[in-house]
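Peer 1: coordinates only, no sequence provided:
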């Protein structure tokens, strides 16, 4: 006996309702009979959705504590918040997850639900829920799993104690919709209820860090997400998934929804450099954040905040924390000196605040334990800490050596900075190895964008410690939701009108895929092309410079910050920074990063859009032509240059072991019937749009190889649209070769064979649950 969820859609002039009821069947014949029932047009699987894992709780002694502002640095969130005066205020964000600890101080320390920061929410399951069990609903979405509170903190925490940091948009209003128990899985039907509730509550953004890998783009949740997005009232950010490294077709369901924003995860590295110092004639190296000032001519006293130097690995006794025997000033007078403090016991911000209050001119924090890494935290990057003195770090061994050196020196110790850096250590920000590969199983372009998702510090329930670390596309997804909240607040500020508008250039502007292949534009003459190399260097755009030249047109600026969900996705993709593969210097495939790492200052500063923000080319062996619409929202004419860069190609003949190859995919551009060229220059008047014909031509060597060896190669890259020092991007991906020749992962879902995309693996697939819906 199999339980089925029967879903019927009723329409009226005022509302649309989904009414749920359960039926049971005992055979395929029963399912066939249901499908023939009047009003039933489709059958879906009511899938079990795996539950999230709990974030790891933190203590001040933890070596793994990252700088909470690293993510904000690599995306430019802090810069954009300061320059444009945005914080997410007035924007409602729904988090569909394990709930939210609304008692947490970072969310206003509520005493009863609902609260001012979390006025919306519902518990659809109860603490003990697992997939298939009877849910126990109530009005309190309190989190006992931890995952939902962590995601909410990434969006909009405002933590002023213990760990001082803010989420991307620290003044958003939350809706917390609990679909997981304290542990374990849930069902699609539960998630559908939560989506409907969040939409009815008027959420501007719905963030969903959940799903199952390898999803085909169909299902009750997928269809509902697409239909609600089409209303223009809500944006969905959904985790791309944490699949196995090296396996394509792993975009999660429901992130595979065509109207959603599927988010990949990037690493979260600090940009640092090394600067030498001399202390009493002995050389040491400091680690300095890239944006921190170094006094090149400074020579002054340095002192240790303790009377005894600890050995490497020993318990901290030079902590500099409030109320301890080694509090700043307890054993030494730091006024006018550089203060050396050991990591541990309390958080970095407390050490910095105490050093500054004691009159120190700078502080050096060295790591504890035997860590070879410096204590990477920059408390000067967040204005809320009120710390203005310079901050430097050292690894444990070097810091302990310096402490011992200070103790063995009689009299005052003098420190002098070298005039130049010893070395520049700038780790490349890359896509994480756990991000699920696209494209979608229907060759749709996924993921859409990328955001920080590795080793992210955020809130967890107070009962679990209050603060924790976690990695995953689950973390990148709420980060993206926070960015959209900043965008939407700015849209309200410049228009004074919170209602939805429509951007006409978006409608009909998307490449469509039918049966895995893309349609070509009729009547367009193909032009000769040749491969063009990717530029090795690109001038850094001066994002902030744009707004200082002239006044914007309010009408045009309002259109640039339109609330249409698909246009928002285009704009996020335009604002992406394509990332490289490891240390190769070559661009990573777009099916792992979408449009690239979102750069928030670029999102706000550009006055050009390129629509669509992505092209799915399907499976092709001959030239395809598509249209890119470029629009100028500036108050003056702009000269726009359209070109392209290619990512590394990927040989996916065996999807279990794909291999990177350097193969450029030549692209040409044409405007108004002109002959195609490797780049094109377009002059746009204020408010003017022009259509650029983009011709994608598969590399001749790959096509030739495919004919002989049945090779299937995934190509991708970005169309670049440059204006006024800012480069906007529109990504693309496609397959060169016959997809039916590929070898696929053994767990390929049966739905893929039904869609005619994949050959059958020759095994029976049992369906345990079915969802029926009428649209």
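Peer 2: Nice, thanks for sending it over. As the structure is a prediction and not an experimental result, all values here were calculated from the model.
Peer 1: start to end distance for stretch 721-728?
Peer 2: The first residue of stretch 721-728 is 5 Å away from its last residue (CA to CA, to the nearest Å).
Peer 1: from the chain's centroid, how far away is that stretch?
Peer 2: 22 Å (CA atoms, centre = their mean, to the nearest Å).
Peer 1: go on, stretch 162-174?
Peer 2: 16 Å.
Peer 1: can you check stretch 446-463 too?
Peer 2: 8 Å.
Peer 1: what residues sit buried inside it?
Peer 2: 446-462 (16 or more other CB atoms under 10 Å). Heads up, the C-betas are built off the backbone N, CA and C, glycines and all.
Peer 1: just the strands in the stretch 301-450 of the chain please.
Peer 2: Under the criterion DSSP state E, counting those that start in this stretch, the stretch 301-450 of the chain contains strands at 338-342, 362-366, 391-394, 413-425, 449-452.
Peer 1: need the ones you listed in TSV (columns: mean pLDDT and distance to residue 356).
Peer 2: TSV is the format used below for the strands of the stretch 301-450 of the chain (pLDDT from 0 to 100; distance: least, CB to CB, whole Å):
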stretch	mean pLDDT	distance to residue 356
strand 338-342	85	9
strand 362-366	84	8
strand 391-394	81	10
strand 413-425	76	18
strand 449-452	97	28
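Peer 1: just the ones you listed: most buried one?
Peer 2: Mean neighbours per residue, mean count of other CB atoms under 10 Å, is largest over the strands of the stretch 301-450 of the chain for strand 449-452, with a mean of 30.
Peer 1: and it, what does it pack onto?
Peer 2: helix 70-75, strand 261-266, helix 473-495, helix 565-574, strand 597-598 (3 or more CB pairs under 8 Å, 6 or more residues apart in numbering; DSSP states H and E).
Peer 1: quick one: the second one to chain centroid distance?
Peer 2: Put simply, strand 261-266 sits 5 Å off its chain's centre (CA atoms, centre = their mean).
Peer 1: make 23 the starting number, not 1.
Peer 2: Yep, numbering from 23; the last one is strand 283-288 now.
Peer 1: ok and that strand relative to helix 587-596, angle-wise?
Peer 2: 20 degrees (axes from the mean of the first three to the mean of the last three CA atoms, to 10 degrees).
Peer 1: which of the residues in the helix or strand following strand 283-288 are buried?
Peer 2: Helices and strands here follow DSSP states H and E; after strand 283-288, the next one along the chain is strand 294-301. Applying a neighbour-count criterion of 16+ other CB under 10 Å, one finds 294, 295, 297, 298, 299, 301 buried in strand 294-301.
Peer 1: strands along the stretch 123-272 of the chain, start to end?
Peer 2: According to DSSP E, counting those that start in this stretch, the strands that the stretch 123-272 of the chain contains are 142-145, 180-181, 187-188, 195-200, 208-209, 227-230, 257-261.
Peer 1: of all those strands, which lies closest to residue 427?
Peer 2: Evaluated over the strands of the stretch 123-272 of the chain, closeness to residue 427 peaks at strand 187-188, with 33.7 Å, by CB to CB.
Peer 1: hmm, residue 239 is touching residue 467, no?
Peer 2: No - using CB atoms under 8 Å, residue 239 is not in contact with residue 467; the gap is 11.6 Å.
Peer 1: about what we covered before: pick out the lowest-pLDDT one from the buried residues of strand 294-301.
Peer 2: pLDDT is lowest at residue 294 among the buried residues of strand 294-301; the value there is 68.
Peer 1: give the residue spans of the stretch 623-772 of the chain that score low on pLDDT.
Peer 2: Along the stretch 623-772 of the chain, the model assigns pLDDT under 70 to residues 676-680, 685-687, 694-698, 723-732, 760-772.
Peer 1: which residues of the stretch 623-772 of the chain fall in helices?
Peer 2: Ranges of helices within the stretch 623-772 of the chain are 722-731, 772-776, based on DSSP state H, counting those that start in this stretch.
Peer 1: out of the strands of the stretch 323-472 of the chain, which comes closest to residue 461?
Peer 2: Using CB to CB, the nearest of these to residue 461 is strand 471-474, at 14.6 Å.
Peer 1: can you put the strands of the stretch 123-272 of the chain in CSV and add distance to residue 372 and mean pLDDT?
Peer 2: Shown next, in CSV, are the strands of the stretch 123-272 of the chain (distance: least, CB to CB, whole Å; pLDDT from 0 to 100):
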stretch, distance to residue 372, mean pLDDT
strand 142-145, 33, 98
strand 180-181, 13, 93
strand 187-188, 13, 91
strand 195-200, 28, 98
strand 208-209, 40, 92
strand 227-230, 31, 98
strand 257-261, 34, 94
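Peer 1: can you put the ones you listed in CSV and add distance to residue 588 and mean neighbour count?
Peer 2: Listed next are the strands of the stretch 123-272 of the chain as CSV, based on distance: least, CB to CB, whole Å; neighbours: other CB atoms under 10 Å:
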stretch, distance to residue 588, mean neighbour count
strand 142-145, 25, 23
strand 180-181, 31, 22
strand 187-188, 29, 26
strand 195-200, 22, 28
strand 208-209, 28, 26
strand 227-230, 14, 31
strand 257-261, 9, 30
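Peer 1: make TSV out of these and add distance to residue 718.
Peer 2: Below are the strands of the stretch 123-272 of the chain laid out as TSV (distance: least, CB to CB, whole Å):
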stretch	distance to residue 718
strand 142-145	45
strand 180-181	46
strand 187-188	42
strand 195-200	41
strand 208-209	41
strand 227-230	32
strand 257-261	27
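Peer 1: nearest to residue 271, of the ones you listed?
Peer 2: Among those, strand 257-261 sits nearest to residue 271 (CB to CB), with 16.3 Å.
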